[in-house]
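Participant: Structure for this input, please:
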Amino acid sequence: MRRPMRAMILAAGLGTGLRPLSYQRPKALFPVANRPVIEFVIRLLKRHGFNDLVINMHYLPNKIVEYLGDGSVLEIKIDYSFEEELLGTAGALRKVRKYLEEGTFLVINCDVLTDVDLSGALEFHRERQALATLILIEVEDPSSYGMIGVDDRGRIGSFLGRSEVALKYAVYGGICFLEPEIFELIPPGRSGLGDVVFPGLLREERPFFGYLAPAPPTGGEGYWLDVGTLERYRQANWDILEGRFKAVAPLHRRGGQVHPSAQINEPVIIGPGSVVGEGAEIGPLTILGRNCSIGKSAVVGRSILWDGVRVGDGARVDECIVGDGAVIRDDCGLNRKVYAKT
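Facilitator: Model (predicted):
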């Protein structure tokens, strides 16, 4: 009997690049088109045959467990690894070694929004008999991320630097395939893949490859975006609204009640239980979470409102991200702000 394909989702981070919103939710649960970003990750994994998952947690772990449970709603199996102290991306793997060491496994960050061909990358990994294969993304300016150089077979010749053997440079997409032998390179305690394990593979000249995925946000056939900053988080939502990312999770564009006199300027998503009042104007590029209330003659445009936000009569909200349960008073103006009720 063939063992299930296993993957680990790294979700223990504090989400510092997403503050103040990450004071309310762990980054894994940041809503993209009203679905937590980790759900997009899980659905991608499931589509490529990864049905047995482990998720590491540290910050606000109960919220993640409350939402995902044992995975049965998404028809997959989920186990959890709680880290009382952050162990780093490599230390997190070492902690669940017994779970992963039976064969090839995948590791993916919880905040990567992508439709990269994981099956193609796995085939590449096996053909090269690699110990580690990173999914690499070609972007216009890799120097802003940290460059990884590969030769004509995809073998990595430099990690976060330049090399004479590299013919092409790309960036690490937050996804990799690893073999159980990788645990030989992970020391006890806290350690990272990027600062300990990957440089160790280069140093020891182990079979270390990069799969170049045609999925940058600026071109190619697919899509990839790390939503670990507020700017990129906003962009992820807009990319779905404008059809640049064909979501692997079903989208519900209309829920709740919209007054007949309200004006909806597409593209817009209105979550279940939300109410848009008389004469209000919503959109474009706007997402209302669940149970939001938009008052009479209020205007909300180019904004993302999380669950339970109340916008008062005559208020204006433009180019904002507003966290759970926030209240915007009558006739108040909010422009280019990130606001979280703490």
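Participant: Domain ranges for the chain, per the record?
Facilitator: For the chain, automatic domain parsing gives the domain ranges 5-241, 257-339.
Participant: Nearest approach to residue 251 belongs to which of those domains?
Facilitator: Closest to residue 251 of these, according to Cβ to Cβ: domain 5-241, at 5.5 Å. Placement of C-beta: from N, CA and C, glycine included.
Participant: what secondary structure does the residue nearest to residue 158 when sequence neighbours are not counted sit in?
Facilitator: Among residues not flanking residue 158 along the chain, residue 149 sits closest, at 3.9 Å (Cβ to Cβ, 6 or more residues apart in numbering). Here residue 149 takes the strand state, with states given by DSSP: H, G, I helix; E, B strand; the rest coil.
Participant: what about residue 149, how many neighbours?
Facilitator: Here the number of neighbours of residue 149 (other Cβ atoms under 10 Å) works out to 23.
Participant: if we can go back for a sec, would you mind giving the domains of the chain as a markdown table with distance to residue 251 and mean pLDDT added?
Facilitator: Below are the domains of the chain laid out as a markdown table (distance: least, Cβ to Cβ, whole Å; pLDDT from 0 to 100):
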| stretch | distance to residue 251 | mean pLDDT |
| --- | --- | --- |
| domain 5-241 | 6 | 89 |
| domain 257-339 | 7 | 96 |
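Participant: How much space separates the residue nearest to residue 158 from residue 130?
Facilitator: Distance from residue 149 to residue 130, counting by Cβ to Cβ, to the nearest Å: 16 Å.
Participant: cool, residue 289 as well?
Facilitator: 42 Å.
Participant: Quick check: phi and psi on residue 203?
Facilitator: phi -60, psi -40 (degrees, to the nearest 10).
Participant: Wait, residue 174 touches residue 227, no?
Facilitator: No - checked against Cβ atoms under 8 Å, the pair residue 174 and residue 227 is beyond contact range at 10.4 Å.
Participant: Show me where the stretch 151-300 of the chain has its strands.
Facilitator: Secondary structure of the stretch 151-300 of the chain (DSSP state E, counting those that start in this stretch): strands at 156-159, 168-178, 208-213, 224-226, 257-258, 263-264, 268-270, 275-276, 281-282, 286-288, 293-294, 299-301.
Participant: counting contacts, what elements does the third one pack onto?
Facilitator: Using 3 or more Cβ pairs under 8 Å, 6 or more residues apart in numbering; DSSP states H and E as the contact definition, the elements that strand 208-213 packs against are helix 118-127, strand 132-137, strand 148-150, strand 156-159, strand 168-178, helix 198-203.
Participant: May I have stretch 186-196 exported as PDB, CA atoms only?
Facilitator: Coordinates of each C-alpha in stretch 186-196 appear next as PDB, following Å, rounded to 0.1, in the frame of the first residue of the first chain:
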ATOM      1  CA  ILE A 186      19.600  19.800  10.900                       C
ATOM      2  CA  PRO A 187      21.200  20.500  14.300                       C
ATOM      3  CA  PRO A 188      19.300  20.300  17.600                       C
ATOM      4  CA  GLY A 189      17.500  23.400  18.800                       C
ATOM      5  CA  ARG A 190      16.600  26.400  16.700                       C
ATOM      6  CA  SER A 191      17.800  26.600  13.100                       C
ATOM      7  CA  GLY A 192      16.600  27.700   9.700                       C
ATOM      8  CA  LEU A 193      16.500  26.100   6.300                       C
ATOM      9  CA  GLY A 194      17.900  29.300   4.700                       C
ATOM     10  CA  ASP A 195      20.700  30.000   7.100                       C
ATOM     11  CA  VAL A 196      21.800  26.400   8.000                       C
END
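Participant: So for it, what gets flagged as buried?
Facilitator: Residues of stretch 186-196 classed as buried by neighbour count (16 or more other Cβ atoms under 10 Å): 186, 190-194, 196.
Participant: so how far is that stretch off the chain centroid?
Facilitator: In terms of Cα atoms, centre = their mean, to the nearest Å, the centre of stretch 186-196 is found 22 Å from the chain centre.
Participant: mind starting the numbering at 19 from now?
Facilitator: That works, and once the first residue is 19, the last one we named lands at stretch 204-214.
Participant: what's the helix or strand for residue 117?
Facilitator: helix 115-118 (DSSP states H and E).
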